[in-house]
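Participant: Got a predicted model here, sequence first, then my questions.
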Amino acid sequence: MTLNKKRVLSGIQPSGSVHLGNYLGAIQNWVKSQDEHDNFFCIVDLHAITLPQDPQKLRASIRELAGILFACGLDPKKVSLFVQSDIAEHSELAWILNCSTPMGWLNRMTQFKDKSAQKKEKDITLGLFAYPVLMAADILLYDTDYVPVGEDQKQHIELTRDLAEKFNSNFGETFKIPTPVIPRIGARVMGLDDPEKKMSKSETGARHAVFLLDEPDVIRPKIMKATTDSLRSIVFDESRKGLFNLLSIYQIFTGFSKEQIEKEFDGKGYGEFKTRLADVVIESLRPVREKYAQISNDPGYIETLLKEGAEKVRPVAQFVLKRVKDCVGLGLSR
């Protein structure tokens, strides 16, 4: 633990490849804040298995994700990056919280409604229904101060706070109440082919997302064919969702203000803007691709860093779980 710094807990699922939305909405902010906070970053593989997974592909995805996170600039000397299932206390605390979570609270979770609506009843699992409780356990297990999230996850943080307050009311002050932090820009990057949908790993469209390991000759056509509209002016207008999405991506990568960007492309067309955007994205991601290629080919390097990350956070998890078990009357022989 780093003294005098607020603790931040962030999680990312190892399902599918890491895309621009993950990078701009979360990972880039993680890298920028690693000197500012006591950062715990968790690869949430237990969340991934709420949907069917191929075991070999899941392990490969965990390793790839960890490699990308390190390639993006996470410094293992400054942050703790670990795999969720390597810390057994996540599952144990989730069960304890399950036993005090009202069904009605989970029935209100919009993400469960959205995901279950796409499935047959026989394919809807208890894990999919209860995973917000596991997410709450992830957060509460580390006395977390801040949780960076997108707008679509804010409801889950509210549930976490409700569960912590309910537990504290029943058993005395046990959990720290976490605060959600939503980035001002980049928190919700939309699909290039459909700006009505958030950029997602689960979408199958070939032009939906730019992935961090995409080669330049793959990135450029995705951006050049990105959905815009029939208007001519290049301005930040939220009602023009396709253009607004592309401009927001450009703004985050360049750091320019809206006024600077609008002036840069005043009187210019979509083709020129998209060409410039593609150049910026390709060059910004080039160091990530090169660093990933280097560390992923080093046998055991990524695994060693993940083991060290788990060893750093495990004492915190054990301490908090013991506190919880003492409250509810568990663990007599320990």
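Facilitator: That came through fine.
Participant: from here on, contacts and neighbour counts on C-alpha atoms
Facilitator: Fine.
Participant: can you list the domain ranges for the protein.
Facilitator: 7-181+300-328, 216-294 (automatic domain parsing).
Participant: Comparing those, which comes out most buried?
Facilitator: domain 7-181+300-328 (a mean of 18; mean count of other Cα atoms under 10 Å).
Participant: tell me the mean pLDDT over it?
Facilitator: Average pLDDT, domain 7-181+300-328: 92.
Participant: okay, how far is it across that domain, tip to tip?
Facilitator: 25 Å (Cα to Cα, to the nearest Å).
Participant: ditto for stretch 38-48
Facilitator: 25 Å.
Participant: And stretch 33-42, by the same measure?
Facilitator: 16 Å.
Participant: what do you get for stretch 114-126?
Facilitator: 15 Å.
Participant: can you give me the strands for this protein?
Facilitator: 7-12, 38-43, 80-83, 146-148, 179-181 (DSSP state E).
Participant: just checking, what packs against the fourth one?
Facilitator: When you say that, I think you mean strand 146-148. strand 7-12, strand 179-181 (3 or more Cα pairs under 8 Å, 6 or more residues apart in numbering; DSSP states H and E).
Participant: Of all those strands, which one is nearest residue 128?
Facilitator: strand 7-12 (16.2 Å; Cα to Cα).
Participant: about what we covered before: out of the helices and strands packed on strand 146-148, which gets nearest to residue 325?
Facilitator: Nearest to residue 325, of the helices and strands packed on strand 146-148 and by Cα to Cα, is strand 7-12 at 21.9 Å.
Participant: What's the separation between residue 72 and residue 27?
Facilitator: Taken as Cα to Cα, the span from residue 72 to residue 27 is 8 Å.
Participant: quick revisit: using a markdown table, lay out the strands of the chain together with distance to residue 206.
Facilitator: Listed next are those as a markdown table, based on distance: least, Cα to Cα, whole Å:
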| stretch | distance to residue 206 |
| --- | --- |
| strand 7-12 | 23 |
| strand 38-43 | 26 |
| strand 80-83 | 29 |
| strand 146-148 | 29 |
| strand 179-181 | 32 |
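Participant: Minimum distance to residue 154: which of the ones you listed has it?
Facilitator: strand 179-181 (7.0 Å).
Participant: Now do the closest one: everything it contacts.
Facilitator: 145-149, 154, 157 (Cα atoms under 8 Å, 6 or more residues apart in numbering).
Participant: of these, closest to residue 50?
Facilitator: Looking across the contacts of strand 179-181 and measuring by Cα to Cα, the closest to residue 50 is residue 157, at 18.9 Å.
Participant: Pull the contacting residues for the closest one.
Facilitator: 136, 147, 178-180.
Participant: Could you identify the most distant pair in the contacts of strand 179-181?
Facilitator: 145 and 154 (15.0 Å).
Participant: out of the helices and strands packed on strand 146-148, nearest to residue 62?
Facilitator: strand 7-12 (10.1 Å).
Participant: Check the offset of that closest one from the chain's centre.
Facilitator: Put simply, strand 7-12 sits 8 Å off its chain's centre (Cα atoms, centre = their mean, to the nearest Å).
Participant: Who does residue 41 form a beta bridge with?
Facilitator: Beta bridges link residue 41 to residue 10, residue 81 when assigned by DSSP bridges.
Participant: Poorly predicted segments of the stretch 151-300 of the chain, please.
Facilitator: 183-187 (pLDDT under 70).
Participant: what ranges do the helices span in it?
Facilitator: Using DSSP state H, counting those that start in this stretch, the helices of the stretch 151-300 of the chain run over 154-171, 216-224, 241-254, 258-264, 270-296.
Participant: right, and those helices - which one's nearest residue 331?
Facilitator: Using Cα to Cα, those put helix 154-171 closest to residue 331, at 16.0 Å.
Participant: Export that closest one to CSV, keeping only CA atoms.
Facilitator: Provided in CSV are the C-alpha atoms of helix 154-171 (Å, rounded to 0.1, in the frame of the first residue of the first chain):
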residue,chain,number,x,y,z
LYS,A,154,-22.5,3.8,-12.7
GLN,A,155,-25.6,1.7,-11.6
HIS,A,156,-23.3,-1.1,-10.4
ILE,A,157,-21.3,1.4,-8.3
GLU,A,158,-24.5,2.6,-6.8
LEU,A,159,-25.4,-1.0,-5.9
THR,A,160,-22.0,-1.4,-4.3
ARG,A,161,-22.5,1.7,-2.2
ASP,A,162,-26.0,0.4,-1.2
LEU,A,163,-24.6,-3.0,-0.2
ALA,A,164,-21.8,-1.4,1.8
GLU,A,165,-24.2,0.9,3.7
LYS,A,166,-26.6,-1.9,4.3
PHE,A,167,-23.8,-4.1,5.7
ASN,A,168,-22.5,-1.3,7.8
SER,A,169,-25.9,-0.6,9.2
ASN,A,170,-26.4,-4.2,10.2
PHE,A,171,-22.9,-5.0,11.5
